[in-house]
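Student: kindly return the folded structure for what I paste below:
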Amino acid sequence: MRAGIILRAQRAIRVGRRPLKRDVRGHFVNHRLPCVTLSALLTFGWSLCTAACPSPTPLYPNAKISADQYQSLVASLKSRSGFRCDKFGPHQLRCGSDDVAEIWWLTEPDHPAHPAVSRGQMLLDPTGETCLVRDGYYAGLEAPFATWIKELKNFDELTIQRFKASQK
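Tutor: Residues are numbered from 1 along each chain as shown. Prediction:
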């Protein structure tokens, strides 16, 4: 029974660039996500955690970074063991590894926010609920970066809604 719940949760969380589809049994199909640590999600539950959710530990003092810092960050991510990427929408990659409970989004050269990266993490709030939090860094223009981060946060909210709906 628990294995079935885990599989349904994985299917609900693993969303790709296409809308979610269900097979004849009602299970989600056509999902891709390189890494999501579901053990914390299933152990502690899921919450929007708006005010109580901790912020991710910043990698840089500001979201605006230099081109050299951007290149260094991307190089350090790509050097991680088991790090892999999938296409995620136009001119974006969604990346991660099974060993780290982070998912990274990277822009590609034709994306308006390029060069930019965003990190999604699952953290625990003070009550023990799991939160999905996001930060990001850019070496280009601020306005396209802000728009992109807003789009990713909307994606996060939809992911949470889909997960909650799959638990009913």
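Student: where does residue 122 land in three-state SS?
Tutor: Taken by DSSP: H, G, I helix; E, B strand; the rest coil, the conformation at residue 122 corresponds to strand.
Student: tell me the pLDDT at it?
Tutor: At residue 122, the pLDDT value in this model is 82.
Student: for it, give its distance to residue 141.
Tutor: Per C-beta to C-beta, to the nearest Å, residue 122 is found 30 Å from residue 141. The way it works is simple: take the backbone N, C-alpha and C, and place the C-beta from them, glycine included.
Student: tell me which of the two has more neighbours.
Tutor: Neighbours per residue, other C-beta atoms under 10 Å: of residue 122 and residue 141, the larger number sits with residue 122, 18 against 13.
Student: the more buried one contacts residue 100, correct?
Tutor: No - under the criterion of C-beta atoms under 8 Å, residue 122 makes no contact with residue 100, lying 11.1 Å away.
Student: measure the nearest residue to residue 65 once chain neighbours are set aside to residue 54 for me?
Tutor: Using C-beta to C-beta, 6 or more residues apart in numbering and skipping residues adjacent in sequence, the residue nearest residue 65 is residue 137, 4.8 Å away. With distances taken as C-beta to C-beta, residue 137 is found 19 Å from residue 54.
Student: before we move on, the earlier item: host element of the residue nearest to residue 65?
Tutor: Per DSSP states H and E: residue 137 is located in strand 130-138.
Student: so which elements touch that strand?
Tutor: Applying 3 or more C-beta pairs under 8 Å, 6 or more residues apart in numbering; DSSP states H and E, we find strand 130-138 packed against helix 38-44, helix 67-78, strand 116-124, helix 142-166.
Student: export that strand as CSV, just CAs?
Tutor: Provided in CSV are the C-alpha atoms of strand 130-138 (Å, rounded to 0.1, in the frame of the first residue of the first chain):
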residue,chain,number,x,y,z
THR,A,130,8.0,20.4,4.2
CYS,A,131,8.3,23.6,2.2
LEU,A,132,9.3,24.2,-1.4
VAL,A,133,11.5,27.3,-1.5
ARG,A,134,13.3,28.9,-4.4
ASP,A,135,16.1,31.4,-5.0
GLY,A,136,18.1,32.5,-8.0
TYR,A,137,21.0,34.4,-9.5
TYR,A,138,21.4,36.3,-12.7
